[in-house]
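Asks: predicted structure and sequence below. I'll ask about it afterward.
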Amino acid sequence: MNPLIRVIPAFLVRFFASPYVAGDSLGKAIEVVQKLQRERGLLATLDLLAEDIRTDEQARQNLDAYLQMVDAAAAIPAAARPTLSLKPSSYTTKPLQHGGDAAGSREAMFAIARKAKQHGVAVSIDMESRHWTDFTLETLRQMHAEGLTHVGAVLQTRMNRTERDLESLPKGCRVRLVIGIYREPAEVALTDKPAMKERMLVYAERLLQRGHYVEFASHDDSYVRRFVEQVVPKTGVGRDRFEVQMLYGVPRERFLADLRRQGIVARLYVPFALGWDMAIQYLRRRLDEYPAMVWLVTKNMFLRR
């Protein structure tokens, strides 16, 4: 990690993080989810900030937390029920990016997915750095082979391999398209953001034509409009075959309200932690991977005023 990121005081990191994190408990996160639905008609996907764990006890705690999240989500009426987003690195002390074998990760995700199916809760496996791509997609295929078809995928358009990965997806599975935030070497990924966004439109069209449910995740209003106004009509699918997703805390209230008026499903990605120490670790990693986040957070604060 960049030494400058390490020395940013925790209170300052928390100050920057607070608009983007739905509290330090599952209860607070559920309150946010219900408020978003009640006041703005927005759905949510819940994510526990629990990467880069160090002990087996942390791995067990993360699994237990997700099993509790299934119960909490299932208690919400189906029309407003949040989905859950899982990160494979949350359940192992041997992460692939550090040369480990991800021991325990797949078993934990299967346990969550099986319980979620029993309770009618949809799940997505988040995509992490390039080290996890094969593991993540193979886990997804194994789940669908077992009948866990409520589990969706996440694909990053910055990765050059993603066009090929589209071909290996389980038939008809949900797919969240993102440009991705993980810094990757130029030999395996794009470095030009407009090019990543153009790929989102191309891949979204291809996925819709193949019968997938597309979750178009972007904060770039112009690309969301192009998706809704150009890509979707070209494929001829109905509004029950896609949705738009954005990150909790990013000020897009008017734009999201306009989407809702058009009858388009809009969902916010809502991260929370089981303590602010974990949330602070999360934001430090994001600042290290994407230093421009400081500027974006600052700009968003002024936009709220």
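Replies: On my side now, so go ahead. Numbering: from 1, shown residues only.
Asks: and residue 44, that one's in a helix?
Replies: No - Residue 44: not assigned to a helix; according to DSSP: H, G, I helix; E, B strand; the rest coil it is strand.
Asks: hmm, residue 267 and it touching each other?
Replies: Yes - the criterion here is CB atoms under 8 Å, and residue 44 meets it with residue 267 at 6.1 Å. Bear in mind the C-beta positions are built from the backbone N, C-alpha and C, glycine included.
Asks: and these two? Which one has more around it.
Replies: Neighbour count, other CB atoms under 10 Å: between residue 44 and residue 267, residue 44 has more, with 27 against 20.
Asks: residues touching that one, list them.
Replies: 32-33, 36-37, 82-83, 248, 267-270 (CB atoms under 8 Å, 6 or more residues apart in numbering).
Asks: just to revisit the earlier point, and for residue 44 and residue 267, which residues touch both?
Replies: Joint contacts of residue 44 and residue 267 (CB under 8 Å, 6+ apart) are residue 83.
Asks: any regions of the stretch 1-150 of the chain where pLDDT drops low?
Replies: Within the stretch 1-150 of the chain, the stretches with pLDDT under 70 are 1-7, 17.
Asks: how about the strands of it, start to end?
Replies: Ranges of strands in the stretch 1-150 of the chain, per DSSP state E, counting those that start in this stretch, are 43-48, 83-86, 123-125.
Asks: host element of residue 153?
Replies: strand 151-156 (DSSP states H and E).
Asks: if we can go back for a sec, from the contacts of residue 44, pick the one nearest residue 138.
Replies: Distance to residue 138 across the contacts of residue 44 (CB to CB) is lowest for residue 83, with 21.5 Å.
Asks: dig out what that closest one forms beta bridges with.
Replies: residue 45 (DSSP bridges).
Asks: how many residues are close by it?
Replies: Using other CB under 10 Å: residue 83 sits among 22 other residues.
Asks: what does residue 31 give?
Replies: 13.
Asks: can you report how many residues lie near the closest residue to it other than its chain neighbours?
Replies: In space, residue 31 comes closest to residue 23 once its chain neighbours are excluded; the distance is 7.6 Å by CB to CB, 6 or more residues apart in numbering. Neighbour count for residue 23, taken as other CB under 10 Å: 19.
Asks: just residue 153 next, same as before
Replies: By the criterion of other CB under 10 Å, residue 153 has 27 neighbours.
Asks: give me the residue ranges of the stretch 151-300 of the chain where confidence is low.
Replies: 285-300.
Asks: what segments of it are helices?
Replies: 162-165, 193-209, 221-226, 232-235, 253-261, 276-289, 293-304 (DSSP state H, counting those that start in this stretch).
Asks: just put the strands of the stretch 1-150 of the chain in CSV and tack on distance to residue 155.
Replies: Formatted as CSV, those follow (distance: least, CB to CB, whole Å):
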stretch, distance to residue 155
strand 43-48, 16
strand 83-86, 14
strand 123-125, 11
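Asks: figure out which of the ones you listed is closest to residue 229.
Replies: Each of the strands of the stretch 1-150 of the chain was scored for nearness to residue 229 using CB to CB, and the closest is strand 43-48 (21.6 Å).
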